[in-house]
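# Have a look at this fold, sequence not included:
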């Protein structure tokens, strides 16, 4: 679709704009030839590839009620800019604060998948990109999955949102994980915290990371564990990523990663259950919640859980 727009007055952030309204609200695009197409990706927002006089950019329009999911758009924007300075994220080109919309440079890279990450050498490439992010400018806010899970559970109770069977019966184990990880804490570093395969892009030379909605300073082993969990890594790949990042796959660091893999699923299970209630996106969020919780309980009830708790405290 080819459009020419002149600037218009923008609405407020409580209204989800159309892509046509967003295009019309960017003064430098006035009277230029603009085309757009929706990018079929993302579980929260609407994403578009827009070409302005033939130059592509990426436009992100936030989804409805994302504040219930603890998304702070100011934190996201600042952290996206910080990650761009670190060299692992695209640059922010335009911001429409009234709608929390922003425009990013378009990266000539493929969106990754779990199958793509099964290739040889991928853990090493992931570790290189994560080290770049983690040694970059500090993020605005901190991220703590223990506190976020409590916030999500309070929302679930307040709104009567169903969650997978057995969730509450396992909650007595979560303080044990937090206590064990607190014995020898690692310095918090800038983390993405939500590393689905699709949040990585590969330009053939390096990996980029996009979508900083849940970013914040955090224990790096949460980042590593979350990545392993999202990508479906087996024990060998978990060990390979640990060694690539830390230089050695020690029992203590491996145990931290496994416990953080559990916490990743503990928190995002509730996220998916909430999305099943509030999201307007056509996606089986409830099925995703059940899948994640099944993965968490397999580890919580598994034979290695007690050993991981001991190893991180050793």
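Done, it's in. The shown structure was predicted, so the numbers you read here are calculated from the model rather than taken from an experiment.

# Tell me how many other residues crowd residue 167.
19 (other C-beta atoms under 10 Å). C-beta coordinates here come from the backbone N, C-alpha and C atoms, glycine included.

# From residue 301, how far off is the closest residue to it other than its chain neighbours?
Of all residues not flanking residue 167 in the chain, residue 293 sits nearest, at 6.3 Å (C-beta to C-beta, 6 or more residues apart in numbering). Distance, residue 293 to residue 301, by C-beta to C-beta, to the nearest Å: 12 Å.

# neighbour count winner among those two?
Set residue 293 next to residue 301 and count neighbours by other C-beta under 10 Å: residue 293 wins out with 24 against 11.

# tell me the contacts of the more buried one?
Neighbour list for residue 293: 163, 164, 166, 167, 265, 269 [criterion: C-beta atoms under 8 Å, 6 or more residues apart in numbering].

# Let me know how buried the closest residue to residue 245 other than its chain neighbours is, in neighbour terms.
Nearest residue to residue 245, sequence neighbours excluded (C-beta to C-beta, 6+ apart): residue 127, at 4.1 Å. Residue crowding around residue 127 was assessed by other C-beta under 10 Å; the count is 20.

# any idea how far residue 242 is from residue 127?
As for residue 127, its distance to residue 242 is 9 Å (criterion: C-beta to C-beta).

# these two touch, right, the residue nearest to residue 245 and residue 238?
No - the pair residue 127 / residue 238 is not scored as a contact, 11.9 Å apart, by C-beta atoms under 8 Å.

# which residues of the stretch 1-150 of the chain score low on pLDDT?
Across the stretch 1-150 of the chain, the ranges flagged by pLDDT under 70 are 1-14, 41-43, 64-65.

# can you give me the helices in it?
19-24, 73-85, 122-134, 145-159 (DSSP state H, counting those that start in this stretch).

# Reformat the ones you listed as CSV; add distance to residue 104.
As requested, these are exported to CSV (distance: least, C-beta to C-beta, whole Å):
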stretch, distance to residue 104
helix 19-24, 13
helix 73-85, 8
helix 122-134, 16
helix 145-159, 25
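
# ok, residue 61 - contacts?
Counted by C-beta under 8 Å, 6+ apart, residue 61 has contacts 16, 17, 19, 22, 45, 46, 47, 48, 99, 101.

# Tell me how many other residues crowd the second one.
As a burial measure, the neighbour count of residue 17 was computed by other C-beta under 10 Å and equals 22.

# now it, nearest residue through space, not along the chain?
residue 99 (5.1 Å).

# Can you report how many residues lie near that neighbour?
21.

# Which parts of the stretch 201-314 of the chain are strands?
207-209, 216-218 (DSSP state E, counting those that start in this stretch).

# centroid residue for the protein?
By C-alpha atoms, centre = their mean, the mean C-alpha position of the chain lies nearest to residue 194, the distance being 2.4 Å.

# tell me the contacts of the residue nearest to residue 71 when sequence neighbours are not counted?
Ranked by C-beta to C-beta, 6+ apart and with sequence neighbours excluded, the top spatial neighbour of residue 71 is residue 213, at 4.9 Å. Contacts for residue 213 (C-beta under 8 Å, 6+ apart) come out as 44, 66, 71, 76, 194.

# for those, which one is nearest residue 55?
Nearest to residue 55 among the contacts of residue 213, counting by C-beta to C-beta, is residue 76 at 24.3 Å.

# for the closest one, what are its contacts?
Residue 76 touches 212, 213, 215, counting by C-beta under 8 Å, 6+ apart.

# so, if you compare these, which one comes nearest to residue 188?
For the contacts of residue 76, the closest approach to residue 188 (C-beta to C-beta) belongs to residue 215, at 12.1 Å.

# per-residue confidence at that closest one?
Note on residue 215: pLDDT of 98.

# what does residue 279 give?
86.

# separation between it and residue 44?
For residue 279, the distance to residue 44 - C-beta to C-beta - is 8 Å.

# The two: which has the busier surroundings?
residue 44 (22 against 18).

# Touching, that one and residue 67? I think so.
No - counting by C-beta under 8 Å, residue 44 does not reach residue 67; the two are 11.5 Å apart.

# what about the closest residue in space to residue 81 that isn't next to it in sequence, how many neighbours?
In space, residue 81 comes closest to residue 92 once its chain neighbours are excluded; the distance is 5.5 Å by C-beta to C-beta, 6+ apart. Applying other C-beta under 10 Å, we find 15 residues neighbouring residue 92.

# Spell out which residues make up each domain of the chain.
2-105, 110-313 (automatic domain parsing).
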